[in-house]
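can't give you the sequence, but here's the structure:
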């Protein structure tokens with residue numbers, strides 16, 4: 001019933017508008033159409049998508065002001081084109097000669113004169129509806145291929161305007177398409193708009209403005225089957241209100257075969273022409289149509305607060321995306337990745353932005369220059385020019401930035417860790433929340449026991465080889481030991497560290513090991529390790545993080561060891577150890593009661609699910625014997641698969 005009412009109302013509204021447009025002088029009617037078009041700009045939600053697509057197409061060479069100006073001009077142009085459509089009954093040949101310039105008309109005449117049928121390829125550029133009227137008035141009516149709209153009365157009325165000078169509208173289905181093929185075989189002219197998406201399953205996947213998307217092959221298949229000539233022609237509105245039709249050189253179409261890939265070359269040639277004409281007249285292409293709704297290029301932007309653990313978690317999300325080569329059953333995905341280091345001017349600027357961004361984010365699109373008030377020059381410049389389909393961040397301080405950048409680019413927002421109030425009220429496309437994190441959880445969230453963690457980007461094979469060459473015993477170690485440091489009220493005990501290494505050194509047959517510290521490890525502990533390690537028989541390698549800054553050390557040691565020993569102070573390090581699939585001992589290197597509550601919840605959950613073995617100075621020796629006979633936990637693979645499925649859903 002609702003559709004019937006809309007159809008009826010639209011039908012009478014267009015009829016009334018047509019009477020007004022045909023009664024008014026042409027200039028007055030076009031002026032009025034432009035005014036209504038510009039007014040529509042302020043009410044159309046699609047202007048935001050148009051802005052994002054303009055930014056993606058033209059990049060940082062365009063300012064936000066130029067993008068918005070272009071979109072306003074686009075809406076004015078659409079309003080004027082609608083008025084011109086309603087005035088089609090008034091057009092005649094003299095008016096065409098007066099208001100339309102045809103460049104390279106001889107190409108059109110030559111193509112039509114061959115008598116083999118011409119498939120006129122155009123795009124949603126300028127007043128494309130006018131092309132068929134001009135052709136009809138010049139003595140060559142067009143069979144125009146159109147998608148049938150769901151509102152039948154309104155659709156029939158608009159088609160009457162299109163056909164009023166002799167052209168014929170052909171519906172994109174069944175019997176009508178057979179008639180179109182017959183028309184081409186009879187040497188007639190067929191017009192096709194071939195610049196829009198072929199959907200998720202149709203056409204070929206090709207780059208268009210540097211983003212891979214589907215491009216329809218139907219017109220090329222028809223031309224190949226019928227032997228018709230493919231002739232690109234594009235119309236645009238000039239500054240004086242008249243129109244320019246540019247006829248391009250014909251595109252060679254391969255002979256008829258079943259393989260659709262044979263159309264890749266002519267399709268690329270056509271897309272190159274479309275891009276050229278759009279760049280010449282950017283305000284006249286149909287930007288508000290979600291052209292890249294189905295895209296095989298997903299640009300990832302990681303926001304970094306400088307904390308290695310947070311960066312690794314964001315990189316894990318990015319790598320999970322990059323592992324997915326296909327969508328909708330079609331391969332060829334690509335994921336350009338950019339990491340932006342977020343630096344505030346001061347801690348006060350960070351606090352002010354945290355408070356204001358909640359209110360700024362909904363209307364920040366096109367106004368990212370405001371971020372210059374809060375961030376250093378390098379950060380604000382990177383945020384302003386960034387192009388994203390997914391914005392990924394970890395940590396509460398980056399949530400406001402994530403929301404602003406996602407709004408600017410109409411991108412999807414992915415956050416790791418629970419957003420704090422009031423940002424837990426906001427909508428995210430995916431929030432990856434640890435199970436030990438209490439509080440309100442946003443919609444579209446998944447709970448994971450382990451925090452995601454990614455290996456370093458450096459080649460592991462090369463890194464392991466370089467590190468192994470420094471380790472005696474042919475580079476083989478049984479255990480990897482990872483020492484953290486103080487956190488909040490938690491202090492690392494030197495006596496506990498001594499007990500840890502005594503458990504490895506004193507018993508006969510104890511496992512060989514390699515050990516690394518973190519940047520938080522106390523200086524006195526590092527000094528003890530350097531003094532004593534020269535006398536330890538089981539120690540294959542000691543790496544002091546503050547002195548050896550090589551990348552990938554932790555990942556290499558995890559890969560080399562049979563089991564791992566991690567101090568209890570770092571959630572991210574414990575998660576990374578468990579995610580490796582190795583057996584893990586979590587060692588109490590201080591007073592466990594001083595750990596933050598969420599640390600204790602996290603460790604208890606892991607212990608309950610038999611993902612770790614917890615040990616202190618008194619139980620370590622027994623737990624060492626136990627862990628070497630344990631099966632590796634499978635929880636990491638299960639959680640990775642859960643995350644992958646959720647990311648596939650939002651892809």
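Noted; the coordinates are in hand. Everything numeric here is computed off the predicted structure, so don't read it as measured data.

what residues does stretch 426-443 touch?
With contact meaning CB atoms under 8 Å, 6 or more residues apart in numbering, stretch 426-443 is reached by 317, 358, 361, 390, 399, 403, 412-419, 421, 424-425, 444-452, 571, 598-599, 601-602, 605, 643, 646-647, 650. C-beta here means a position set from N, CA and C on the backbone, and glycine is covered the same way.

Among these, name the buried ones.
For those, a neighbour count by 16 or more other CB atoms under 10 Å gives the buried set as 317, 358, 361, 390, 399, 403, 412-419, 424, 444-445, 448-452, 571, 599, 601-602, 605, 643, 646-647.

Just give me the residue closest to the centre of this structure.
residue 389 (2.2 Å; CA atoms, centre = their mean).

For that one, grab phi and psi.
When read as degrees, to the nearest 10, the backbone of residue 389 gives phi -110, psi -30.

Do I have it right that it meets residue 413?
No. With contacts defined as CB atoms under 8 Å, residue 389 does not count as touching residue 413, sitting 10.9 Å away.

Which residue, other than its chain neighbours, is closest to residue 159?
Take residue 159 and drop its neighbours on the chain: the residue closest to it by CB to CB, 6 or more residues apart in numbering is residue 169, 4.6 Å away.

Residue 120 now?
residue 191 (4.5 Å).

ok, residues contacting stretch 49-63?
So stretch 49-63 is contacted by 67-68, 70-71, 74, 209-211, 278, 282, 287-288, 290-292, 365-366, 384-385, 387, 408-411 (CB under 8 Å, 6+ apart).

Domain map for this protein?
Per the record, the chain has its domains at 2-289, 300-448, 460-637, by automatic domain parsing.

With mean pLDDT as added columns, please give these in TSV.
Shown next, in TSV, are the domains of the chain (pLDDT from 0 to 100):
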stretch	mean pLDDT
domain 2-289	86
domain 300-448	92
domain 460-637	82
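
Would you mind measuring from the closest residue to residue 397 other than its chain neighbours to residue 421?
Nearest residue to residue 397 in three dimensions, chain neighbours excluded: residue 305, at 5.5 Å (CB to CB, 6+ apart). Residue 305 sits 19 Å away from residue 421, going by CB to CB, to the nearest Å.

For residue 142, give me its contacts.
By CB under 8 Å, 6+ apart, the residues touching residue 142 are 120, 131, 132, 135, 136, 167, 168, 189, 190, 191.

Who does it form a beta bridge with?
Note on residue 142: beta-bridge partners residue 189, judged by DSSP bridges.

Please enumerate the strands of the stretch 501-650 of the chain.
Taking DSSP state E, counting those that start in this stretch as the criterion, the stretch 501-650 of the chain contains strands spanning 513-516, 539-543, 563-567, 583-587, 613-615.

could those strands be laid out in CSV, adding mean neighbour count and distance to residue 497?
As requested, those are exported to CSV (neighbours: other CB atoms under 10 Å; distance: least, CB to CB, whole Å):
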stretch, mean neighbour count, distance to residue 497
strand 513-516, 24, 10
strand 539-543, 20, 13
strand 563-567, 25, 9
strand 583-587, 26, 9
strand 613-615, 20, 13
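
would you list those strands in TSV and tack on distance to residue 88?
Formatted as TSV, those follow (distance: least, CB to CB, whole Å):
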stretch	distance to residue 88
strand 513-516	77
strand 539-543	78
strand 563-567	75
strand 583-587	75
strand 613-615	80
